[in-house]
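Trainee: okay, sequence plus prediction incoming.
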Amino acid sequence: MKCFYDDRDAVGVCKYCGRGVCHESAVTVAQGLACKARCEREVETLMGVIGKSRTAYQRTAAIYGRSGLTTALFGLLFLGFGIVEQQYLDRMAVFFDAAGLIILLSAGFAYYNRRKINKA
Ligand SMILES: [Zn+2]
Ligand SMILES: [Zn+2]
């Protein structure tokens, strides 16, 4: 493979445009090659965006996990209240039981989402 810009042998492929570049025409950026002065800036920006979105993913996963646990406790509280205070609540207990179950379900869903995000 020849360099896109001159007749020298290419040492690699630009991470941004995919053209072959020789040692003279290339510059190393973020564990890859880029056309010197042409794609240098673009690759750096691209890598910055990827790095940022990766951090955002981890942050989202952490929030999901935390809210999932809080939601689960909230659901148990509702469910527990509905069961313990059944005599006093009478028909209202059904509402508390149902609400508790729905909250627990959503907590489980949040936990499932977090596992999916961690895998990605
Ligand atoms: Zn390039
Ligand atoms: Zn070159």
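Mentor: Great, that's in hand. Numbers count the residues shown, from 1 in each chain. Ligands and ions are numbered 1, 2, ... in the order given.

Trainee: just give me the neighbour total for residue 114.
Mentor: 19 (other C-beta atoms under 10 Å). Heads up, the C-betas are built off the backbone N, CA and C, glycines and all.

Trainee: measure it to ligand 1 for me?
Mentor: Applying C-beta to the ion, to the nearest Å, the value for residue 114 to ligand 1 is 38 Å.

Trainee: tell me the pLDDT at that residue?
Mentor: pLDDT, the model's per-residue confidence, is 73 for residue 114.

Trainee: next one: residue 103
Mentor: Looking at residue 103, its pLDDT is 90.

Trainee: surely it meets residue 75?
Mentor: Yes. Taking contacts as C-beta atoms under 8 Å, residue 103 lies within contact range of residue 75: 3.3 Å.

Trainee: can you give me the buried ones in stretch 74-88?
Mentor: 74, 75, 78, 79, 81, 82 (16 or more other C-beta atoms under 10 Å).

Trainee: mind saving the C-alpha coords of it as PDB?
Mentor: What follows is stretch 74-88, C-alpha atoms only, in PDB (Å, rounded to 0.1, in the frame of the first residue of the first chain):
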ATOM      1  CA  PHE A  74     -39.600   1.800  48.800                       C
ATOM      2  CA  GLY A  75     -41.500  -1.000  47.200                       C
ATOM      3  CA  LEU A  76     -40.900  -3.300  50.100                       C
ATOM      4  CA  LEU A  77     -42.000  -0.600  52.500                       C
ATOM      5  CA  PHE A  78     -45.300  -0.300  50.600                       C
ATOM      6  CA  LEU A  79     -45.800  -4.000  50.400                       C
ATOM      7  CA  GLY A  80     -44.900  -4.500  54.100                       C
ATOM      8  CA  PHE A  81     -47.200  -1.700  55.200                       C
ATOM      9  CA  GLY A  82     -50.000  -3.300  53.100                       C
ATOM     10  CA  ILE A  83     -49.500  -6.700  54.800                       C
ATOM     11  CA  VAL A  84     -48.800  -5.600  58.300                       C
ATOM     12  CA  GLU A  85     -51.700  -3.000  58.400                       C
ATOM     13  CA  GLN A  86     -54.100  -5.200  56.500                       C
ATOM     14  CA  GLN A  87     -56.700  -5.200  59.400                       C
ATOM     15  CA  TYR A  88     -56.600  -1.400  59.700                       C
END
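
Trainee: before I go, just wanted to say thanks for your time.
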